[in-house]
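**Student:** Mind looking at a prediction? Sequence and model below.
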Amino acid sequence: MNEKKYSIIAVLDIIEDKLVQQSLELIAFADKIISSDISHLLLIVPGKNTLRLCESISSKYGIDTAAIECDELYLPDPELLSGILSLLIDIHKPELVLFTHTMRNCQVISKLSILCKAGSVTGVESFTSDDEGIVFLRSAFNGKLKENVRLKTSIKLVTVLPGAYSIDENSIPYNNDALAFMLNLNEASGHSSEDYVQSPDASGSTDSLRRSAAFARGGKNGYVPVSLSAEKDGGVKLEDADVIVAAGRGVGKEENLQLIRDTACIFSNAAIGASRPICDQKWIPLNQQVGVTGKTVTPKLYIACGISGSQQHIAGMKNSQCIVAINKDPNASIFAVSDYIVVEDLLLFLPVLIEKYKEKYGG
Amino acid sequence: MKIMVCIKQVADNESNLVINKDSSWIEENNRIAFRINRYDEYALEEALLIKDAVSGVTVDVISVGSERVESSLKKCLERGADSAVLIKWDDPTSAAVEIADMISGYAADKHYDIIFAGVMSEDLMRSQVGPMIAAFLGMPAAVSVVKTELINGLTAISADSELEGGIIEKIEIALPCLITVQTGINRPRYPSLSNVMRAKSMQVTYIDCGSPGGYCGFEEIVSFGYPPVSSKGIVITGNSEEKAEKLINLFHEKALL
């Protein structure tokens, strides 16, 4: 049995045993940052029953992938996950442990930082290397400034901003010998080492991992996930739309959202999006929020209406194929990522736009 | 029941932020407005709502920073906090782990039942100090919370913790615990006249953090810089009718109408 050590571990986001596709971007980041070849990357797929998912990822990308199976990981449990990961990190002593930048993963790496005495950095957008190692680039002050950070510990924990790297399957080297294997951490499940399809781990360490997971789960922690719920989608879903018409603080009042809806109606397949402040007001459901804490979208056309352009919003829409921004402030940050800039008050301009459409196309 | 709320004072994002000479931080001049981190205002409000609803609750606020932070802590007292502590510390760019080490060091023997913090600060946006305090104190944490409810005879909290993409995870978390709060959870109050009068006679307690523990030197901020100005955008010109016409033509070319 080989006792392979991995220099980079990337932890994929799995919710109810389903992969959050975006977290595959970590593969692209790992490929760019890895100093050796891709066979030193291990993907972690935590959940209740994730071995099949793990096998499909491994064979699709040619990367070693480990399912960490534990009934309690069916719903996201950052407390339990960080306990388990700290043990894996102790075994492999990787240089880098990667996560997608979500609030949960910030929690996980914060806890890991203390458990493993490892430096951590969140919301990484890119990196450079010099004689002293890697310098991570991230945003501060809502994107108005950029911060360059160096981690000085041998193990480095990183959350990577969604959308910062995109995965192009053809450009990632494919390792034909990639393995998929499972670490089953369920207590008294009667499983023995046969459960490990092909485990490159020393079996001793797996045992200790299982024991420690049982300990981490012992109820002592006081954190119990109960259920997941999502608000009902109204109309076209953001991820299915060709066009997203998005509302920001500039709409001013809830009744003005009708203008946004009317604008969406001129397109054949458009959805309504919003920035965080609009969702906080409960004017638009949270599942239509675009941004780091909402959804990351890439429609054919994104129309930002009265959105000033916080870093958190821009990260969620900047990879749209075409961006049109309408804002009365000529210095709005949103214009920096826009393909077409319209300096107008949306409350006056959108009615004109809709009228022009009707003139030309009727309806 | 004892509650602690962690507050950070931040430079207002709308201020004209200028990086200092050695690129180590912003120029802290008098043109910058300093105020309470917005996420922390929601954290304080959530604590005060519990104080309003349950008898025998005290709410202490704590911050790490220079004397300037006293003004923000005073504002918390005006809103109804019972006491305020400032750990004196002059490095505004200390690693999250160092700040968390200081705050948890202070809180270790105070037996807080709930610690609230904002989900992130608006300046450094790390989202780490809260969960790190919990890790140091050995208590569970729930992050990005948009609803809390005390349950089981005030021994636990049922919390709605927001995941990305509009998904809510309901969790139950036993006290003592730490909660980081997202915007939208409540509407922060204005100070009442009686609380403003009360706060006038209250003092902010200063604490020396002593020497930092074994967690310094994990990271180093190399520099701050401005984002590249990358406007590749085409400005649509003309009066509003002409602009509208140009946009409609653009949408038509892209076959999206």
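**Tutor:** Yes, it's here. This is a predicted model, so every value here is computed, not measured.
**Student:** host element of residue B:49?
**Tutor:** Assessed by DSSP states H and E, residue B:49 sits inside helix B:38-53.
**Student:** what's in contact with that helix?
**Tutor:** B:1, B:3, B:5-8, B:36, B:57-59, B:61, B:76, B:79-81, B:114, B:116-122, B:148, B:150, B:179-189 (CB atoms under 8 Å, 6 or more residues apart in numbering or on different chains). No exception for glycine: its C-beta is placed from N, CA and C like everyone else's.
**Student:** How about the secondary structure of residue B:147?
**Tutor:** Put simply, residue B:147 is strand when judged by DSSP: H, G, I helix; E, B strand; the rest coil.
**Student:** pretty sure it is in contact with residue B:162, am I right?
**Tutor:** No. Using CB atoms under 8 Å, residue B:147 makes no contact with residue B:162, being 9.3 Å away.
**Student:** who has more neighbours, these two?
**Tutor:** Higher neighbour count among residue B:147 and residue B:162: residue B:162, with 25 against 17, using other CB atoms under 10 Å in any protein chain shown.
**Student:** Next, the contact list for that one, please.
**Tutor:** A:103, A:286, A:293, B:144-146, B:168-169, B:182.
**Student:** what bridges to it?
**Tutor:** residue B:168 (DSSP bridges).
**Student:** State the distance from it to residue B:43.
**Tutor:** Here the criterion is CB to CB, to the nearest Å. By it, residue B:162 lies 15 Å from residue B:43.
**Student:** Then residue A:107?
**Tutor:** Residue A:107 is 15 Å from residue B:43, by CB to CB.
**Student:** picking up where we left off before, out of the contacts of residue B:162, give me the one that has the most neighbours.
**Tutor:** residue B:144 (29 neighbours).
**Student:** surely that one meets residue B:179?
**Tutor:** No. At 9.7 Å, residue B:144 does not count as touching residue B:179 under the criterion of CB under 8 Å.
**Student:** residues near residue A:135, how many?
**Tutor:** Neighbour tally, residue A:135, other CB under 10 Å: 17.
**Student:** Could you say which helix or strand holds it?
**Tutor:** strand A:133-140.
**Student:** What residue in chain B comes nearest to chain A?
**Tutor:** residue B:166 (2.7 Å; CB to the nearest CB).
**Student:** Spit out the contact partners of residue B:168.
**Tutor:** A:228-230, A:286, B:146, B:160-162.
**Student:** thought residue A:104 was touching residue B:171?
**Tutor:** No. Contact between residue A:104 and residue B:171 fails when scored by CB under 8 Å: they sit 11.1 Å apart.
**Student:** does any bit of the helix or strand where residue B:133 lies sit next to chain A?
**Tutor:** Take DSSP H and E as the rule and residue B:133 turns out to sit in helix B:129-137. Yes. Using CB under 8 Å from any CB of the partner chain, helix B:129-137 comes into contact with chain A via B:130-132, B:134-136.
**Student:** now the helices for the stretch 1-150 of chain B?
**Tutor:** B:38-53, B:70-79, B:96-107, B:129-137 (DSSP state H, counting those that start in this stretch).
**Student:** same question, chain A
**Tutor:** Remark: helices assigned in chain A by DSSP state H are A:25-33, A:51-61, A:78-92, A:103-115, A:203-217, A:257-264, A:276-280, A:311-317, A:346-361.
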